[in-house]
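> Just a sequence and a predicted model for now, questions to come.
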Amino acid sequence: MTALSQQLGQNLKINGERLWDTLMEMAQIGPGIAGGNNRQTLTDEDAKGRELFQSWCTASGMTMGVDTMGNMFATRAGTDPDALPVYMGSHLDTQPTGGKYDGVLGVLGGLEVVRTLNDLGIKTKHPIVVTNWTNEEGARFAPAMLASGVFSGKHSQDWAYGRVDADGKTFGDELSRIGWVGDEVVGARKMHAMFELHIEQGPILEAEGKDIGVVTHGQGLWWLQCTVTGKDAHTGSTPMNMRVNAGLGMARMTEAAHQIAMQHQPHAVGAVGQCDVYPNSRNVIPGKVVFTVDFRSPDLAKLTSMREAYEVKAKEIADELGLGLEIEPVGHFDPITFDEGCVSAVREAATRLGYSHMDIVSGAGHDACWINDLAPTAMIMCPCVGGLSHNEAEEISPEWAAAGTDVMLHAVLETAQIVE
């Protein structure tokens, strides 16, 4: 039996009603048009969400640090000034038509853990930090997990600052505009461990009737941005055999992505999720199309094979149709194996608390995937209704939110060490 089991057992739980109220209050900032949220990174809505989160952290006795990528670090002091902090966190930014829980649960669940420790007067040897990572979604500025990627050394800050949105605005300029350029050097912080709570974004936990997903691995990813060039022409007066149709090329390349993923089953997925058609007029044959292929797998060999096969097949299609083709990788990370000790802490916490649980592989990328290279890291997942995410209809129950946060509370305390 662990020290935490002996001291606190299954009676230590967070205030689920307070957590839910906090989630609902944050959801009022950047409301969507169908019940969800549109709080894209570095928008005015993102700035308002950051301000609210900071006010809650200050009220909970934490000190706030911000680095030059806008990452927010709210610290609850430990009793040992030399002990490295235990981190919790995720992100507050959303998709353009996002839900109220994707990422947000991990940040505000961390806040609730600290509030609970304050309520009970529990002290820890290690400091505890709640983090809001900037631009996890990558919806406005590709790639996803941009700021945690700079923090972990995957990208340079100059490169990140130069990322451009659909309106030609740069990440660096927008971060400055909303007033969240901090003074900390990115990546200077050291960590004892990190835990990220997140909704599953898939249907497995709900289908299996499990309260908790113990995340052991994360899928690797390739985002391939494809630019297909043809020739704008009138749809009514251009003979079929004289067309250079970039839209037709995209259609065939989209089918190719699906077929290649199917050929690499099991444990492989692929699709086109974003596309821009030019000039996007009803009676003009598209002269240019830009779209992104998303391949994922927990198997590195399959992930690599899918990318290689797609690049060959897409070129064959382009050549057959007389199209120009450029393929640019705009996002990548290898499959992740999370830290065995942190994963065990999560699994033992779920068992101690009496929550049903199962091991699971994360189908999506998360900031924890980058941080895993720097410090022992693990993820906790709770179910979401129908597995739906990146959608305004995304939904979880208060009970699922509380259970996931309870498990994070216990895993963090096990790692940060209670001081009697």
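Ah, there it is. Residues are numbered from 1 along each chain as shown.

> For M69, see how far away D158 is.
Remark: distance between D158 and M69 (CB to CB, to the nearest Å) = 11 Å. For every residue, glycine as well, the C-beta is placed using N, CA and C.

> what about those two, which has more around it?
Each of D158 and M69 has its neighbours counted (other CB atoms under 10 Å); M69 has more, 27 against 9.

> Which residue is the nearest non-sequential neighbour of the more buried one?
Nearest non-adjacent residue to M69, counting by CB to CB, 6 or more residues apart in numbering: A147, 4.0 Å away.

> What helix or strand is the one you found located in?
Assigned by DSSP states H and E, A147 falls within helix 146-151.

> Report the mean confidence score over that helix.
Per-residue pLDDT over helix 146-151 has a mean of 98.

> Could you do stretch 197-206 as well?
For stretch 197-206, the mean confidence score works out to 97.

> quick one: that stretch to chain centroid distance?
13 Å (CA atoms, centre = their mean, to the nearest Å).

> How about stretch 127-144?
Chain-centre distance of stretch 127-144: 7 Å, with CA atoms, centre = their mean.

> three-state assignment of M379?
strand (DSSP: H, G, I helix; E, B strand; the rest coil).

> Dig out what it forms beta bridges with.
Per DSSP bridges, the residues bridged to M379 are E196, V215.

> Report how many residues lie close to it.
Around M379 there are 30 residues (other CB under 10 Å).

> Surely the residue nearest to M69 touches T131?
No. The pair A147 and T131 fails to qualify as a contact (CB atoms under 8 Å) at a distance of 10.1 Å.

> what sits in contact with each of those two?
N71 (CB atoms under 8 Å, 6 or more residues apart in numbering).

> which residues of this protein score low on pLDDT?
Along the chain, the model assigns pLDDT under 70 to residues 1-9.

> Would you quantify the distance from the residue positioned nearest the centre of it to I29?
Nearest residue to the geometric centre of the chain (CA atoms, centre = their mean): H366, 3.8 Å. Plainly put, H366 is 22 Å away from I29 if you go by CB to CB.

> got it, and P376?
P376 sits 33 Å away from I29, going by CB to CB.

> again with R252
According to CB to CB, R252 and I29 sit 42 Å apart.

> about what we covered before: from the contact counts, what lies against the next helix or strand after the helix holding A147?
The C-terminal neighbour of helix 146-151 among helices and strands, as given by DSSP H and E, is helix 157-161. When contacts are defined as 3 or more CB pairs under 8 Å, 6 or more residues apart in numbering; DSSP states H and E, helix 157-161 sits against helix 146-151, helix 171-177.

> Can you mark which positions in helix 157-161 are buried?
157, 160-161 (16 or more other CB atoms under 10 Å).

> Stretch 29-37 too?
Residues 29-30, 32, 36-37 are the ones in stretch 29-37 that count as buried (16+ other CB under 10 Å).

> Among those residues, which pair sits farthest apart?
I29 and G36 (12.3 Å; CB to CB).

> most residues in a single helix of the protein, which one?
In the chain, assigned by DSSP state H, the helix with the most residues is helix 300-321.

> how far out from the middle of the chain is it?
Mean-position distance between helix 300-321 and its chain equals 27 Å (CA atoms, centre = their mean).

> And for stretch 152-161?
Taking CA atoms, centre = their mean, the mean C-alpha location of stretch 152-161 is offset from the chain mean by 17 Å.

> What lies in contact with it?
Contacts made with stretch 152-161 from outside it, assessed by CB under 8 Å, 6+ apart, are listed as 68-69, 146-147, 149-150, 170-172, 175, 186-187, 333, 370-371, 373-374.

> list the buried ones in stretch 218-229?
Within stretch 218-229, the residues scored as buried using 16+ other CB under 10 Å are 218-226, 228-229.
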